[in-house]
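S.K.: sequence below, structure please.
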Amino acid sequence: MIKILINAPKGGVGKTTIATNIALYLAQSSKKVWALDLAQGEQMTIALSNTPEFDSRQTINKIETSELESIPKNFPGASQFDFLVADTDDYLEIIKDLANHGATNGWRVIVPIVDEYNGLERIPKEIGGLFITSMFKGTGFNLTLKMVPNKIEDTESIHNIITKLEEHGIESFISKNFISYCEAEPPYYIQDEDFNNEIEDLLKEVGVI
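M.R.: Numbering: from 1, shown residues only. Below is the predicted model:
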């Protein structure tokens, strides 16, 4: 089972939107998907519960809701699923756990980042700090991690994000793709062709499809 984690130490950057739409994209591609909702508010759970792709009467796909500050170490029944897609709250402890304890097997980490002051300052600083800490500990930073520019309306925003990542020495983690601002009806943005294609390109980049 390939495990996909969407996490960032900042609210409002689009974690739940991306997690929900990745889970739905994979389910609509006839993949067996385990959606793990670790965020407050259970927004991913509510959204997916209203789709036929996650109707337990029609499919093996399942939603698990559990507000935790760490990823479970074991996933009983994982062999029945192709993918696990985990949405999280605004804490970085999950990525720290994966990086520091070597529990990286099968994980793909996606960090949404937006061109907005608080997010543009906080996210690179904390990811950069995690990278440096791992180097000093000698554990390495061997996660498959991509920081994806999200809610993008123009190329200047992408430039601003890249510049900030360069300041913290983590430009190697920037995704070559981005997710544009979408005016489609939330939360199922993959109904929009451009958004759907951008999700597909991102999943290709992290080696999921």
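
S.K.: and stretch 144-160, average pLDDT?
M.R.: Stretch 144-160 shows a mean pLDDT of 94 in the predicted model.

S.K.: now do that stretch: distance from first to last residue.
M.R.: End-to-end span of stretch 144-160 (C-alpha to C-alpha, to the nearest Å): 23 Å.

S.K.: next one: that stretch to chain centre, how far?
M.R.: Relative to its chain's centre, stretch 144-160 lies at 14 Å (C-alpha atoms, centre = their mean, to the nearest Å).

S.K.: buried stuff in it?
M.R.: Thr144, Leu145, Lys146, Met147, Val148, Pro149, Asn150, Lys151, Ile152, Ser157, Asn160 (16 or more other C-beta atoms under 10 Å). (Glycine included, C-beta is placed from N, CA and C.)

S.K.: same question, stretch 107-127
M.R.: Buried-residue list, stretch 107-127, by 16+ other C-beta under 10 Å: 107-115, 119-120, 122-124, 126-127.

S.K.: can you tell me which two in these are farthest apart?
M.R.: Spanning the widest gap among the buried residues of stretch 107-127 are Trp107 and Asp115, at 26.6 Å by C-beta to C-beta.

S.K.: list the buried ones in the lowest-mean-pLDDT helix or strand in the chain?
M.R.: Lowest mean confidence among the helices and strands of the chain (mean pLDDT, DSSP states H and E): helix 93-100, at a mean of 74. For helix 93-100, burial by neighbour count (16+ other C-beta under 10 Å) applies to Ile94, Ile95, Lys96, Leu98, Ala99.

S.K.: Ile71: which of those is nearest?
M.R.: Closest to Ile71, out of all of these and judged by C-beta to C-beta, is Ile94, at 5.4 Å.

S.K.: hang on, isn't that closest one packed against Ala8?
M.R.: No. Applying C-beta atoms under 8 Å as the test, Ile94 and Ala8 come out as separate, 10.5 Å apart.

S.K.: overlap of the contact sets of these two?
M.R.: Counting by C-beta atoms under 8 Å, 6 or more residues apart in numbering, Ile94 and Ala8 have no shared contacts at all.

S.K.: as a quick check, tell me the outermost residue of the protein.
M.R.: Distance from the C-alpha centroid of the chain peaks at Arg57, with 27.3 Å (C-alpha atoms, centre = their mean).

S.K.: re the thing from before, which among the buried residues of stretch 107-127 gets closest to Gly14?
M.R.: Pro112 (4.5 Å).

S.K.: just grab the bridge partners of the closest one for me.
M.R.: For Pro112, the beta-bridge assignment (DSSP bridges) gives partners Val148.

S.K.: where's it relative to Ser56, distance?
M.R.: Distance, Pro112 to Ser56, using C-beta to C-beta, to the nearest Å: 29 Å.

S.K.: over to Ala8?
M.R.: 30 Å.

S.K.: go on, Leu24?
M.R.: If you measure Leu24 against Ser56 using C-beta to C-beta, the figure is 15 Å.
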